[in-house]
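> Prediction below, plus the sequence it came from.
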Amino acid sequence: MHAFSRQEQDCVDACLDCHKICLGMAMTHCLDEGGEDVAPQHFRLMIDCAAICATAADFIMHKSQFHRQLCALCAEVCNACAQDCMRLDGMDQCVDACRKCSQACREMA
């Protein structure tokens with residue numbers, strides 16, 4: 001069995017955490033708040049972020065030859081999500097998770 005490097009494991013963990021937080025906050029906090037929190041562009045970005053984080057984690061875990069390219073894109077999406085969430089109240093947990101994931105993915109890419 002091939003073990004993961006510390007960098008790979010840290011990135012997988014950051015991706016899975018970001019997936020959980022973005023999806024969870026979109027489906028609870030954002031839907032409950034309404035208004036700007038459910039504006040189509042913001043809501044789609046949160047769902048995109050959750051989806052690409054899960055996919056990036058999958059690509060790393062199954063040693064895909066494309067994991068570096070996907071991690072680069074994941075870092076971009078997470079950064080965009082963090083920036084967008086910063087302008088809304090109550091989104092600090094999402095901003096933190098996105099920033100951490102963006103950094104981990106940049107290091108993997």
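Perfect, I can see it now.

> what ranges do the strands span in the protein?
Assigned strands in the chain: none (criterion: DSSP state E).

> Longest helix of it, counting residues only.
Identified as the longest helix of the chain according to DSSP state H is helix 40-61.

> so what does that helix touch, helix or strand wise?
For helix 40-61, the elements it packs on are helix 6-25, helix 67-86, helix 92-108, judged by 3 or more CB pairs under 8 Å, 6 or more residues apart in numbering; DSSP states H and E. C-beta coordinates here come from the backbone N, C-alpha and C atoms, glycine included.

> just for the chain, where's the confidence low?
1-2 (pLDDT under 70).

> just to revisit the earlier point, dump the helices and strands packed on helix 40-61 to a markdown table, plus distance to Ala54 and mean neighbour count.
A markdown table is the format used below for the helices and strands packed on helix 40-61 (distance: least, CB to CB, whole Å; neighbours: other CB atoms under 10 Å):
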| stretch | distance to Ala54 | mean neighbour count |
| --- | --- | --- |
| helix 6-25 | 5 | 20 |
| helix 67-86 | 10 | 20 |
| helix 92-108 | 11 | 21 |
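
> Format the CA atom coordinates belonging to the longest helix of the chain as CSV.
In CSV, the C-alpha atoms belonging to helix 40-61 read as follows (Å, rounded to 0.1, in the frame of the first residue of the first chain):
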residue,chain,number,x,y,z
PRO,A,40,-27.4,33.1,-7.8
GLN,A,41,-23.7,34.0,-8.4
HIS,A,42,-22.8,33.7,-4.8
PHE,A,43,-24.7,30.5,-4.2
ARG,A,44,-23.3,28.8,-7.4
LEU,A,45,-19.8,29.8,-6.3
MET,A,46,-20.3,28.1,-3.0
ILE,A,47,-21.6,24.9,-4.6
ASP,A,48,-18.8,25.0,-7.2
CYS,A,49,-16.3,25.4,-4.4
ALA,A,50,-17.7,22.4,-2.5
ALA,A,51,-17.8,20.3,-5.6
ILE,A,52,-14.2,21.0,-6.8
CYS,A,53,-12.9,20.5,-3.3
ALA,A,54,-14.4,17.0,-3.2
THR,A,55,-13.1,16.3,-6.6
ALA,A,56,-9.6,17.5,-5.8
ALA,A,57,-9.5,15.3,-2.7
ASP,A,58,-10.6,12.3,-4.9
PHE,A,59,-7.9,13.0,-7.5
ILE,A,60,-5.2,13.2,-4.9
MET,A,61,-6.5,10.0,-3.1
